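>>> no sequence for this one, just the structure:
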């Protein structure tokens, strides 16, 4: 980014502290986030991994302040942004941006790429001249590999490929000069041939500009590729977290072990080697209170105390933490 754009950028850690989120429909209350805690360091890439329905997107939308936590805190740097409103909320959203899973749904089809980028500019950019804005648009599109930028500014989302739309979504987040980007399954809807390019783009932006990411995915292989640290989510809880290599090579939680087994690996013959017992049972109904460990319904190692109480988070001493009685 230009010197002007870089000025004032200062990374800050994001601390998610025991966050709960419930949704009510009639008499049913779904407890989607159940005491989530996670820290994303300034300029760090953390992957949040879990199957559909585990609460990953809800956590991202709660961080983005699209939802307000029912309990717990969100701390960004030294600021408590849990209940931020007005100017404080606008300032927070300048520094924390989100890239949604479906770029076509998140880009207004009635607006050109120029208009989409213009509407994403922070209030601090209101004093920019038209020339400065055009220079900025050219800069962010070039950074995401859409060149020459002049060929794309007049186009509309439906005129672009899926990969190009996702790059526009990234460019839109860059225009706001963020410290942290919440990337919610940013490559899941792209062709396999395009996925690596978007992941490499995220890594490049992280290295060049110190932009941190919360990379949300169900794919442990891409999480290992892009992130320095992985957090594994199940039924609204972080059940294991630690350095990416440790999580993949020395997974401690049975659910993480299931994800590792299911990830493509050329050293294995295929999914036929999986223990079929790990696929029995269904994820718990989050509209009902869960007694004990949430993975008890599917765990091949379930013990009597798993039905009675939820396991505590145990620090294994190597940066790895796990919520499982087996760790004891």
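Looks like it came in fine. The structure presented is a predicted model; accordingly, all values stated were derived computationally and were not measured. Residues are numbered from 1 along each chain as shown.

>>> start and end of stretch 305-321, how far apart?
Between the opening and closing residues of stretch 305-321 we find a distance of 20 Å, counting by C-alpha to C-alpha, to the nearest Å.

>>> just stretch 316-328 next, same as before
In stretch 316-328, first residue to last residue: 10 Å (C-alpha to C-alpha).

>>> that one - what's its average pLDDT?
Within the predicted structure, the mean pLDDT of stretch 316-328 is 90.

>>> tell me the buried residues in it?
320-325, 327 (16 or more other C-beta atoms under 10 Å). In short, each C-beta sits where N, CA and C put it, glycine included.

>>> hang on, residue 158 packs against residue 109?
Yes: because the distance of 6.0 Å satisfies C-beta atoms under 8 Å, residue 158 is recorded as touching residue 109.

>>> which helix or strand lies directly C-terminal to the helix or strand hosting residue 213?
Under DSSP states H and E, the secondary-structure element containing residue 213 is strand 212-217. Downstream of strand 212-217, the first helix or strand assigned by DSSP H and E is helix 220-226.

>>> which parts of the protein are helices?
With DSSP state H, the ranges of helices along the chain come out as 3-6, 56-63, 86-95, 103-106, 113-119, 130-143, 150-153, 162-175, 192-209, 220-226, 244-249, 254-262, 304-308.

>>> which one of those helices lies closest to residue 316?
Comparison of the helices of the chain against residue 316 by C-beta to C-beta identifies helix 244-249 as nearest, at 8.6 Å.

>>> buried residues of the closest one, list them for me.
Buried positions in helix 244-249, judged by neighbour count with 16+ other C-beta under 10 Å: 244, 246-248.

>>> my read is that residue 184 contacts residue 58, right?
No: judged on C-beta under 8 Å, residue 184 makes no contact with residue 58 at a distance of 10.4 Å.

>>> tell me how many other residues surround the nearest residue in space to residue 78 that is not next to it in sequence.
For residue 78, the nearest residue in space outside its immediate sequence neighbours is residue 12; the separation is 7.9 Å by C-beta to C-beta, 6 or more residues apart in numbering. With neighbours defined by other C-beta atoms under 10 Å, the count for residue 12 comes to 19.

>>> got it, and the one 10 residues further on?
Using other C-beta under 10 Å, residue 22 has 16 neighbouring residues.

>>> is it in a bridge, and if so with what?
residue 31 (DSSP bridges).

>>> ok, now how distant is it from residue 74?
From residue 22 across to residue 74, the span is 16 Å (C-beta to C-beta, to the nearest Å).

>>> circling back: contact partners for the residue nearest to residue 78?
By C-beta atoms under 8 Å, 6 or more residues apart in numbering, the contact list for residue 12 reads 42, 76-78, 95, 179.

>>> ok, 6 Å please
Taking C-beta atoms under 6 Å, 6 or more residues apart in numbering as the contact definition, residue 12 lies against 42, 76-77, 179.

>>> let me know the pLDDT of it.
Reading off the confidence values, residue 12 has pLDDT 84.

>>> how near is it to residue 81?
Here the distance between residue 12 and residue 81 works out to 11 Å (C-beta to C-beta).

>>> kindly report the same for residue 176.
Counting by C-beta to C-beta, the gap from residue 176 to residue 81 is 16 Å.
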